[in-house]
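Novice: Just need the structure, nothing else, for what follows:
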Amino acid sequence: MTAMTEPTAVQGLPPDDRPLFRRFGSGPSAIPPFHRIHHAFEHHVARSPHARAVEHEGNCLTYAELDHRANVVAAELLDAGVRPGDHVGVFLTRSIHLVVGILAVLKVGAAYVPQDVRITPRPHLDHVLRTADIKVVLTVREHAPRLEAPTVLAIDTLPDRRVTAPRAEGGDTAVVIFTSGTTGVPNGVRVTHANLCNVLLTAPGDLGIRPGDRVAQLLNIAFDMAIWELFGALAHGATSVIRGRDIAHTASTATVLIATPGVLSTVDPDECPHVRAVAVAGERCPKPLADAWSARAAFHNACGPTEVTIVNTVQRYDPRVGRLTIGRPVPNTTVYVLDEDLRPCRIGEVGEMWAGGACVTAGYLGNDVLTAQRYRPDPFLGGDHLMFRTRDLGRWTADGELEHHGRTDDQVKVRGFRVELDAVTSALETTPGCVRATTVLHDGGLVGFVSPATVDPGAASEAVARALPYYCVPTLVIAVDDLPLTARGKVDRAALSSLVPVA
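Specialist: Sure, this is the predicted structure:
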């Protein structure tokens with residue numbers, strides 16, 4: 001177990017709750033078989049070199065072929081001056097080139113920074129380049145001209161050559177994932193190799209994936225769950241099946257699906273006869289969705305922000321019981337339900353969830369203030385351990401599972417991405433003629449309101465698209481004369497939601 005070593009931290013609880021707080025909040029003990037995530041891939045290169053590693057729109061590579069191509073790109077990275085601990089931009093789209101680039105970066109001991117170059121606005125890419133101090137970007141010839149970095153390498157133009165596989169141990173960070181911050185400015189989260197190995201190479205995060213499985217890669221490459229999709233396959237000798245435009249077709253050929261509930265809801269279970277394991281995370285999972293998929297596959301409902309490494313709690317949903325929760329802590333991690341003063345809540349009381357142990361990432365790039373606010377010394381594990389404030393509300397059930405009770409702030413999840421409503425509102429207010437705006441989450445989508453009623457809703461949507469990633473663009477913008485206010489003078493979002501037309 002991930003033992004809590006500071007009994008004084010739970011003295012405020014009634015005696016009967018103290019052992020439950022410790023037992024419920026501690027994940028099992030497990031030892032990952034590798035300490036660097038790409039070493040798990042290289043193990044299968046040596047073991048099954050002719051097995052299919054990756055396929056995309058009719059093209060495929062074996063484990064040996066993928067490893068060779070990654071080594072070729074790794075040699076180019078070394079020639080370009082990339083050294084262990086550096087950050088390398090992987091500005092691509094879903095493709096075999098993407099997988100090659102990611103492995104190449106890891107092989108030279110650097111950390112990769114993924115962005116979907118086709119849909120990410122230029123200001124967002126520029127922010128990522130500056131914040132992560134990226135000197136070298138991997139892309140393809142089509143997108144190279146629009147990228148401004150000291151060195152831009154187009155993978156599809158690099159000549160094949162004999163190379164020696166690099167043997168760099170490198171820095172601790174494996175990937176930097178950019179999430180929307182509280183001010184709308186994306187924050188780069190440093191996810192370590194140890195973080196990834198802990199969640200992806202142990203149960204339940206490994207999902208029982210094995211050679212012969214086909215793991216669909218459906219999600220945006222900049223989303224942390226895409227790491228789960230990709231290395232869920234490659235770290236276990238399976239095939240990564242990268243989708244093109246047709247999500248349903250790719251899913252129909254897979255044996256394992258990892259997705260947000262929103263994406264999964266677009267797929268018909270009856271069209272996926274081979275799927276044996278499903279995992280969802282990133283947003284609240286509707287129970288009917290869990291029921292539909294658990295009738296034919298092992299269904300896992302998971303939860304956790306990027307800062308605690310993809311997911312840190314998982315439930316294997318049992319349709320016979322019919323109680324959907326976010327489960328229990330993954331191995332070597334802890335979860336605490338605390339009140340506003342960081343004191344343990346009684347079992348069954350709703351509080352804010354904090355996460356500790358091996359899931360806690362290395363903080364935010366270039367933002368020590370925010371890191372200090374969200375990453376705190378862990379009084380329950382003690383020593384140098386940190387715990388992370390998830391801003392999710394939860395409660396323990398009597399048998400030690402976590403129920404999710406929403407967020408403590410106005411950050412919302414849309415298509416699995418974290419979105420700050422105020423950032424969307426600020427972008428709306430740049431629309432010509434707009435005096436005031438606000439944004440609400442309605443039926444899982446963003447709805448923007450602009451005032452006065454003469455504002456062009458189409459222009460408002462375009463203003464958001466220019467400033468923010470695509471998932472921040474409202475599905476509907478409504479122009480009104482005045483925004484209704486509460487008695488305290490704040491925008492009455494509940495009243496605005498009632499103005500949304502019924503579909």
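
Novice: count of neighbours near residue 416?
Specialist: Using other CB atoms under 10 Å, residue 416 has 21 neighbouring residues. C-beta here means a position set from N, CA and C on the backbone, and glycine is covered the same way.

Novice: need the contact list for it.
Specialist: Taking CB atoms under 8 Å, 6 or more residues apart in numbering, we find residue 416 in contact with 219, 220, 223, 225, 260, 262, 263, 281, 282, 283.

Novice: Skipping adjacent residues, who's closest to residue 172 in space?
Specialist: residue 192 (4.6 Å; CB to CB, 6 or more residues apart in numbering).

Novice: burial measure for that neighbour, as a count.
Specialist: If we define neighbours as other CB under 10 Å, then residue 192 has 21 of them.

Novice: can you pull the pLDDT of it?
Specialist: Confidence at residue 192, expressed as pLDDT, is 98.

Novice: what bridges to it?
Specialist: Per DSSP bridges, the residues bridged to residue 192 are residue 173.

Novice: which residues touch it?
Specialist: Contacts of residue 192 (CB under 8 Å, 6+ apart): 172, 173, 174, 361, 362.

Novice: most neighbours, which of these?
Specialist: residue 361 leads the contacts of residue 192 on contacts (other CB under 10 Å) with 27 neighbours.

Novice: is it true that that residue touches residue 310?
Specialist: No: between residue 361 and residue 310 no contact is recorded; they are 10.0 Å apart, counting by CB atoms under 8 Å.

Novice: could you pull out the strands for the stretch 101-250 of the chain?
Specialist: Using DSSP state E, counting those that start in this stretch, the strands of the stretch 101-250 of the chain run over residues 111-116, 136-139, 151-154, 173-180, 186-192, 214-217, 239-242.

Novice: quick one: the helices in the stretch 251-400 of the chain?
Specialist: 261-264, 287-294, 368-374 (DSSP state H, counting those that start in this stretch).

Novice: most packed of those helices?
Specialist: Stretch with highest mean neighbour count among these: helix 261-264 (a mean of 21; mean count of other CB atoms under 10 Å).

Novice: Any chance you could list what contacts that one?
Specialist: 218-219, 247, 257, 278, 280, 282-286, 289, 293, 415-416, 444.

Novice: residues contacting residue 454?
Specialist: Residues in contact with residue 454 (CB under 8 Å, 6+ apart) are 433, 479.

Novice: repeat that for 7 Å
Specialist: By CB atoms under 7 Å, 6 or more residues apart in numbering, the residues touching residue 454 are residue 433.

Novice: Figure out the helix or strand that it lives in.
Specialist: Here residue 454 sits in a region with no helix or strand, counting by DSSP states H and E.

Novice: What of the one 4 residues further on?
Specialist: The secondary structure element spanning residue 458 is helix 457-467 (assigned by DSSP H and E).

Novice: what's next to the next helix or strand after that helix, contact-wise?
Specialist: Later in the chain than helix 457-467, the nearest helix or strand by DSSP H and E is strand 476-479. Residues from elsewhere that reach strand 476-479 (CB under 7 Å, 6+ apart): 447, 448, 449, 450, 453, 455, 457, 460, 461, 499, 500.

Novice: burial count for residue 341?
Specialist: 6.

Novice: Poorly predicted segments of the chain, please.
Specialist: 1-7, 180-184, 409-411, 486-490, 503 (pLDDT under 70).

Novice: hang on, residue 20 is in a helix, isn't it?
Specialist: Yes: judged by DSSP: H, G, I helix; E, B strand; the rest coil, residue 20 forms part of a helix.

Novice: Distance-wise, check the residue lying closest to it once chain neighbours are set aside relative to residue 380.
Specialist: Of all residues not flanking residue 20 in the chain, residue 347 sits nearest, at 5.1 Å (CB to CB, 6+ apart). Note on residue 347: its distance to residue 380, by CB to CB, to the nearest Å, is 15 Å.

Novice: Who has more neighbours out of the two?
Specialist: residue 380 (26 against 19).

Novice: which phi and psi does that one have?
Specialist: The phi/psi pair for residue 380 (degrees, to the nearest 10) reads phi -90, psi -30.

Novice: Was I right to think it contacts residue 336?
Specialist: Yes: the pair residue 380 / residue 336 is scored as a contact, 6.2 Å apart, by CB atoms under 7 Å.

Novice: Need the residues touching each of these two.
Specialist: residue 356.

Novice: what sits against residue 482?
Specialist: residue 451.

Novice: For it, give its distance to residue 10.
Specialist: The value you get for residue 482 to residue 10, if CB to CB is used, is 51 Å.

Novice: Kindly report the same for residue 471.
Specialist: 40 Å.

Novice: Looking at these two, which is more packed in?
Specialist: residue 10 (20 against 17).

Novice: surely that one meets residue 20?
Specialist: No: Residue 10 is beyond contact range of residue 20, at 9.9 Å (criterion: CB under 7 Å).

Novice: in the stretch 351-500 of the chain, which spans are strands?
Specialist: Ranges of strands within the stretch 351-500 of the chain are 351-357, 375-377, 386-396, 402-407, 411-414, 417-420, 436-442, 445-451, 476-479, based on DSSP E, counting those that start in this stretch.

Novice: Taking strand 402-407 as reference, get the angle to the first one.
Specialist: Relative orientation of strand 351-357 with respect to strand 402-407: 120 degrees, computed using axes from the mean of the first three to the mean of the last three CA atoms, to 10 degrees.

Novice: Could you list every helix and strand in contact with strand 351-357?
Specialist: Secondary-structure packing of strand 351-357 (3 or more CB pairs under 7 Å, 6 or more residues apart in numbering; DSSP states H and E): strand 333-338, strand 386-396.

Novice: which residues are contacting the first one?
Specialist: To tie it back to what came earlier, the one meant is strand 333-338. By CB under 7 Å, 6+ apart, strand 333-338 touches 2, 4, 25-27, 312-313, 329, 344-345, 351-359, 380-381, 387, 394-396, 402.

Novice: And the last one, by the same measure?
Specialist: Applying CB under 7 Å, 6+ apart, the contact partners of strand 386-396 are 24, 305, 307-308, 336-337, 347-356, 360, 374-378, 402-409, 411.

Novice: Okay then, goodbye and thanks.
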